[in-house]
Structures are given as C-alpha cells and as structure tokens.
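1. Kindly generate the corresponding structure for this input.
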Amino acid sequence: SECGTGRERNCCDKHPSCASWARRGECSKNPKWMLPNCQLSCHNCETDSEERSMDEAQCGTGRESNCCDKHPSCASWARRGECSKNPKWMLSNCQLSCHNCETDNEERPTDEAREFR
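-> Residues are numbered from 1 along each chain as shown. As a prediction, this is how the structure comes out:
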C-alpha cells in the first residue's frame, strides 16, 4: 500500500490502482469503497479536513484576490464533486475551490490551451 508523507504518513491507498481510479472520478462515483480504501488518492485523510479555521476565509491571489472560499472545508468538498451536486450553495460559498471566479471565465492564452489537447 502507498502512504502519504509527513502528517499524512498514516493515510494510505490499500490498492495499487487507487491513483488511476481517483483520476477517473471514482472517489465521487463509488465513495463507499473508494474513500476508505483509497484515502490518499481521494484526499480523504484526517489532515485534509484540518484545513483552516472558520473565520479565516481562503482567497485567491493576484486577479483572484476577491474570489474566496467562505468555509474551511470547501477544497475537500469540491474534490468530492459537491460543486456540481450542490451548486446553489457551493458556487456562492466556495467560489475559489469551485473555480467560480469572474477570472475563470476569461479566455486563456492559446499557448496554454494547446497544452490541454
């Protein structure tokens, strides 16, 4: 099994295919099996929920400095697919993690767009 490092050393994937399954979205499609068995790849470690205190909003930098997550668990909820499952609440309260900032809608330079093909 593959385990994290540092504070995540007790957080492990119990199957060698966890990373590829997680990339295919299995953490949200099959959470009952994936979350306990692929903790590391699904970001389901205890340290992932320790993110930030409630009063400390997480905001973007630069042009996204006005784009914030209003709850400390936004990042982990977004990784679990909550932006699409619960958009009414998530898109307004977890703008940064759900990529719902005004700057996210702007066209990207063509060089950057070519990399995604």
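2. Surely Glu102 and Cys67 touch.
-> Yes. Judged on Cβ atoms under 8 Å, Glu102 makes contact with Cys67 at a distance of 7.4 Å. Every C-beta, even on glycine, is put in place using the N, C-alpha and C of the backbone.
3. The two - which one has more neighbours?
-> For Glu102 versus Cys67, the count of surrounding residues by other Cβ atoms under 10 Å is larger for Cys67: 20 against 11.
4. Distance check, the more buried one against Cys101.
-> When Cβ to Cβ, to the nearest Å is the yardstick, Cys67 and Cys101 sit 3 Å from each other.
5. Now for the two: what residues contact both?
-> Gly60, Gln95 (Cβ atoms under 8 Å, 6 or more residues apart in numbering).
6. Now do the phi/psi pair for Cys38.
-> Per-residue torsions, Cys38: phi -130, psi 50 (degrees, to the nearest 10).
7. What is the neighbour count of it?
-> Here the neighbour count serves as a burial measure; for Cys38 (other Cβ under 10 Å) it reads 26.
8. looking at it, it is touching Asn30, isn't it?
-> No. Between Cys38 and Asn30 there is no contact under Cβ under 8 Å: 9.6 Å.
9. Okay, domains of this structure per the record?
-> Residue ranges for the domains of the chain, per automatic domain parsing: 1-50, 52-117.
10. Lowest mean pLDDT across the ones you listed, which one is that?
-> Ranked by mean pLDDT, the domains of the chain bottom out at domain 52-117, which scores a mean of 75.
11. Thanks a lot, see you next time.
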